[in-house]
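> A structural model of the following input is requested.
(2 chains)
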Amino acid sequence: MIQRLIAFLFLSIMLLPLVTADTVESSWNQENSRAWEYDFGAGYISTSPIFVDEKIIVRTSGHSEPSVTALELDGTLAWKYSNVHSKNNDMSPLLPVKSGEGACGAWPDLLLVGWTDGVINALHPSNGSVYWTAQTEVAGWGITGAASVSQDHVIYPTRRGIGQFCLADGSQDWWVETGLGWRNGVSIYGDSMYSGDELGTLWQVHANGNATALASFQGKIRHAPLLTSAGLLVHVQSPMDSTIFILDPESGQQRQQFLAGPSPALPSLQGQYVVVADSENLRMLSCNDTCSVESQIPFHTNGEIGWHHDGQIIAPSNTPDSNWGSFIFEDGQNLTFEFIDVGIYGYGTAAPLWFVSGGVNYTAFGNDQSVLHLYQLAQAEETELSKDFDWSTQGLIFAAYVFLGSSAIFVLNGNRDLFLRTSSLFTVLILLLIVPDVSQLWSQAVDQNLPASTTEVWNDEWPESWLGTQIVIFEFDGEEAAVGGLVGHENVYTLTRAAAEERNSSLTVEETSIGIYISSINGVQGDGWEYFVDGSKGRVSVDNVAVESTSIVRWTPV
Amino acid sequence: MFQAMGVHGPTLSPFASLVLDAALLGVAFWLLAKPTKRPVMDTLFLAALVLSVSLIRVVMQPLPNIQPVTVAALLVGAQLGARRGAAFAVLVAMISNFFMGDGWWTVFQAAGWASVAFAGSQLSLVTPSGLNLRRAIFASLAAAVWFDIIVSFSILDGTIGFVEFATYLLHGIPFDLLHMAGNFAFVVWMGSWFSNLLEEQPSLEEIEFAVVNGHGIDG
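The predicted structure follows:
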């Protein structure tokens, strides 16, 4: 009887979906084939590309030549506009504006670009030439959030406030101070504009430029608030988790709240439905008189969420070596999910771009790998087996199934010796497959529950604009080189990489089965490098250690 | 694994490394410096054992924390005694780390495997009817945890407190599980065969007993 129970248990495990089953070709991959790829060479694609004037327009940043690049449909370069003064990661979405006329004048088709050096460029989307330029304030960073258009004006969130500019000539109508913001998109509903800041204050700005603090939360608001029929939705980020609040849009009174995971993504609204996500789950909310969670699926995403008008949702999984997640909301009740393989892996925050040209449906993907992949909807027979098919993982999974089935047979036969042998190999294979991911989650859980006992001290010589940002210190030959003003990085690896690029230092990286190892910085290898996060010595691979929004990471040669 | 992730113990100068290696080698020879009736055969056998297990460790390096040496040290200790088991452990740590990366941690790896070999010699893993598989499995699982703890001491360089050390140990638990699973597989697949292979060799204790009683064990 016990043998049969054990055999049943083993056979039941075979029915469980394995963690790495995502490498099986998805239905999306069966229907779409890659048309071409464009390698930008360096930098990150942090916001969704757009399709304007039969051109795919992509912004890249975080390297020596932050740019907006227009590509023809065949993947050739149409034009490129660069702003070398924008030193940080540009994540303010590109904003296309149709030609029009208003009280402050007329304007042609425009492409509005907000930069981290505070500059706003209005470009001609046809050739990339500048139509007008405006300069906004800079406090360490300039513009990082999403702008909104209101009639003949554009409203841009700046580092410490919100400003209104004429679309015809870029002249500033007003600018009002709110709070220190990052990724602080602004939304417009009726006569009111809404934006949040890093201190958790939700601001309401009226058409005349007067700002009032509508509500205050413990945390950070890093997205443009959304107006649902149940109220104003803000997703407030806390150090360990986040909370979704539904508020009265006029009084700021709290109506509902939902606890969510850490590092929220930018929520997205279509009709009565809102997609919210974080490092743990992607949720579908339905908002009528009140909001309710209709469905949720475990998924890690922290940036933009793409939501096609046909209902498909695609979001980048912001983790190392990750694929993208595709979600369908079926029957207004359940989310279904599959990983899709778009051929570019790793960290990403940019939503995909969907567009139709010449009757063909296209989807464009870009992430921190600085490569754009364009896919087109194709017949199944036109698609090929992915060249990136992971034979080793698939082989391990196949072997695991063989050992699992064998274990069940041997236990039924009462052959203890062979049962132990096959089940031991099954155990080893399963652990080899899951330990890298389990280790990452485990380390994050340990770090969150056992905070560092020591701290890194603020250096009074650092500029004030670095206050409240992430800072990296490199020690070379006994001297410190600090890079500050960095924001939005979630682990030691991305933060270090951004800091190294900021000071034009090279970084040699080795990817191992248990994470990423930085073997040399600026060509200095020595006996290795070790790191400290807020004074606490790093213990595991750099991509497995989370950092806070004000963390100080120190790299010192061994 | 720790050395691959940028966590190190004290950095050693080339001279300190030389002294360390010499000391480890001295310990190994001291452990082996006992009378034997067939020194050439014993030496060749142990050398072959050390080289083959070292090679297996190097080859299996890509698999995180799969450590064939732990089970080998356990069984060598069980069959050949604590002294030769410890010597085996020290030599395997030295030789394999020559290819995988030598340093302060070699001392702790050698100590960890030597203590596992000593435990193997004391746990009656081998009975007249052969390897006690159940006992060997439990011993190998415990040895994985024990070895990982011993090796973790190598990160103590005066800058790490108790809480940080405990946190470091907690971080490593998934890899400890992998070590345990690997040991489990090694024991059930190779344990009996390896044990029988070693059984043909007399332990130093048996040799000493034979010498004391005035007759050779080979006689």
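
> just to confirm, which helix or strand has A:His223 in it?
Assessed by DSSP states H and E, A:His223 sits outside every helix and strand.

> any idea how far it is from chain B?
Remark: distance between A:His223 and chain B (C-beta to the nearest C-beta, to the nearest Å) = 32 Å. All C-beta atoms are positioned from the backbone trio N, CA, C, and that covers glycine.

> looks like that residue contacts A:Val236 (just checking).
No: using C-beta atoms under 8 Å, A:His223 makes no contact with A:Val236, being 9.9 Å away.

> and for the two, which residues touch both?
Contact criterion C-beta atoms under 8 Å, 6 or more residues apart in numbering or on different chains; residues shared by A:His223 and A:Val236: A:196, A:264.

> for these two, indicate the residue with more neighbours.
Of the pair A:His223 and A:Val236, A:His223 is the one with more neighbours under other C-beta atoms under 10 Å in any protein chain shown, namely 26 against 23.

> what is the neighbour count of the residue lying closest to the more buried one once chain neighbours are set aside?
Nearest non-adjacent residue to A:His223, counting by C-beta to C-beta, 6 or more residues apart in numbering or on different chains: A:Leu266, 4.5 Å away. Neighbours of A:Leu266 under the rule other C-beta under 10 Å: 27.

> for A:Val524, grab the count of nearby residues.
A:Val524: 16 neighbours (other C-beta under 10 Å).

> ok, A:Ser92 next?
The number of residues packed near A:Ser92 is 26, by other C-beta under 10 Å.

> how much space is there between B:Arg105 and B:Ser17?
No Arg there; residue B:105 is Trp. Distance, B:Trp105 to B:Ser17, using C-beta to C-beta, to the nearest Å: 12 Å.

> the two - which one has more neighbours?
A direct count of neighbours by other C-beta under 10 Å for B:Trp105 and B:Ser17 places B:Trp105 higher, at 22 against 15.

> just checking, that one touches B:Ile150?
No: between B:Trp105 and B:Ile150 there is no contact under C-beta under 8 Å: 10.4 Å.

> quick one: low-confidence residue ranges for chain B.
Scanning chain B for pLDDT under 70 picks out B:1-15, B:32-39, B:159, B:200-219.

> can you pull out the strands in it?
Listed in chain order, the strands of chain B (DSSP state E) span B:126-127, B:130-131.

> picking that back up, give me the secondary structure label for the residue nearest to A:His223.
Three-state assignment for A:Leu266 (DSSP: H, G, I helix; E, B strand; the rest coil): coil.

> any idea how far A:Asn302 is from it?
For A:Leu266, the distance to A:Asn302 equals 9 Å [C-beta to C-beta].

> who touches residue 132 in this structure?
All of this is about chain A. By C-beta under 8 Å, 6+ apart, the residues touching A:Trp132 are A:121-122, A:169-170.

> meant chain B actually
So B:Asn132 contacts B:124-126 (C-beta under 8 Å, 6+ apart).

> next, count neighbours for the residue in the stretch 251-400 of chain A positioned nearest to chain B.
Proximity of the stretch 251-400 of chain A to chain B (C-beta to the nearest C-beta) peaks at A:Ser392, 10.6 Å away. By the criterion of other C-beta under 10 Å, A:Ser392 has 7 neighbours.

> returning to what we had before: what subset of the contacts of B:Asn132 is buried?
Burial by neighbour count, 16 or more other C-beta atoms under 10 Å in any protein chain shown: within these this picks out B:125-126.

> let me know the closest of the contacts of B:Asn132 to chain A.
Of all the contacts of B:Asn132, chain A sits closest to B:Leu125, with 16.1 Å by C-beta to the nearest C-beta.

> nearest residue to that closest one other than its sequence neighbours?
B:Ala78 (4.1 Å).

> burial count for the one you found?
A total of 29 residues lie near B:Ala78 under the criterion other C-beta under 10 Å.

> surely it meets B:Thr127?
No: assessed by C-beta under 8 Å, B:Ala78 is found out of contact with B:Thr127, at 10.4 Å.
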